[in-house]
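Novice: Based on what follows, work out the 3D shape:
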Amino acid sequence: MVERSTPPNPDPRIGKRPPLDSAVCFSLYSSLQATLQLYRDLLAPWGLTYQQLLVLVVLWEQGSVTPSELAQALHLDRSTVSGLLKRMERDGLLVRERHADNQRSVHVALTEYASGLRNELADIFTCVAEAMKLSEHDAHDLVTALHALRSAVRAQPTTTDVPSTEG
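Specialist: Below is the predicted model of the structure:
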């Protein structure tokens with residue numbers, strides 16, 4: 001049997017766990033899972049994933065972008081975006097183009113097929129918004145709170161210490 005040492009508790013807030021149903025992280029996680037399942041169901045006829053839809057939205061709004069710009073816009077790491085773009089290019093949704101002024105610079109652009117999906121997929125966002133049953137005001141407040149939460153969490157220093165489960 002491997003004996004595990006218990007590292008010191010780096011944060012005094014750790015160990016004071018609320019019941020699962022009242023934990024913020026679990027509420028975020030379970031809400032995300034439910035929302036992503038709805039998107040999976042709605043996007044299935046087009047064979048798209050939610051992440052692919054997000055890429056399409058950025059390209060519909062901004063036109064041609066670099067993979068780095070796309071990663072920044074979607075809050076994803078570049079390796080995740082790279083794999084996503086490879087699959088979307090394979091599926092005929094986008095093309096990678098070398099920039100005319102700098103052949104080392106790659107831009108991503110939609111194919112004609114993917115550009116045409118904009119009208120077909122427009123109602124998906126409405127369907128999801130209606131399923132959430134939030135007023136426009138509540139939706140705005142929730143988005144504002146989630147942006148603040150994301151910023152606060154990203155501002156925290158990371159640690160490799162695993163918190164103690166003992167009080």
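Novice: residue ranges of the strands in the chain, please?
Specialist: Secondary structure of the chain, counting by DSSP state E: strands at 94-98, 106-110.
Novice: Need the winner for burial among these.
Specialist: Ranked by mean neighbour count, the strands of the chain are led by strand 106-110 with a mean of 18 (mean count of other Cβ atoms under 10 Å). Placement of C-beta: from N, CA and C, glycine included.
Novice: quick one: the residue nearest to residue 94 when sequence neighbours are not counted from residue 43, how far?
Specialist: Distances taken as Cβ to Cβ, 6 or more residues apart in numbering put residue 88 closest to residue 94, at 5.0 Å, once the chain neighbours are dropped. The gap separating residue 88 from residue 43 is 13 Å, by Cβ to Cβ, to the nearest Å.
Novice: Common neighbours of these two, please.
Specialist: Common neighbours of residue 88 and residue 43, using Cβ atoms under 8 Å, 6 or more residues apart in numbering, are residue 52.
Novice: Pick out whichever of the two has more residues nearby.
Specialist: Counted by other Cβ atoms under 10 Å, residue 88 and residue 43 do not tie: residue 88 has more neighbours, with 24 against 16.
Novice: distance of that one from residue 47?
Specialist: Applying Cβ to Cβ, the value for residue 88 to residue 47 is 11 Å.
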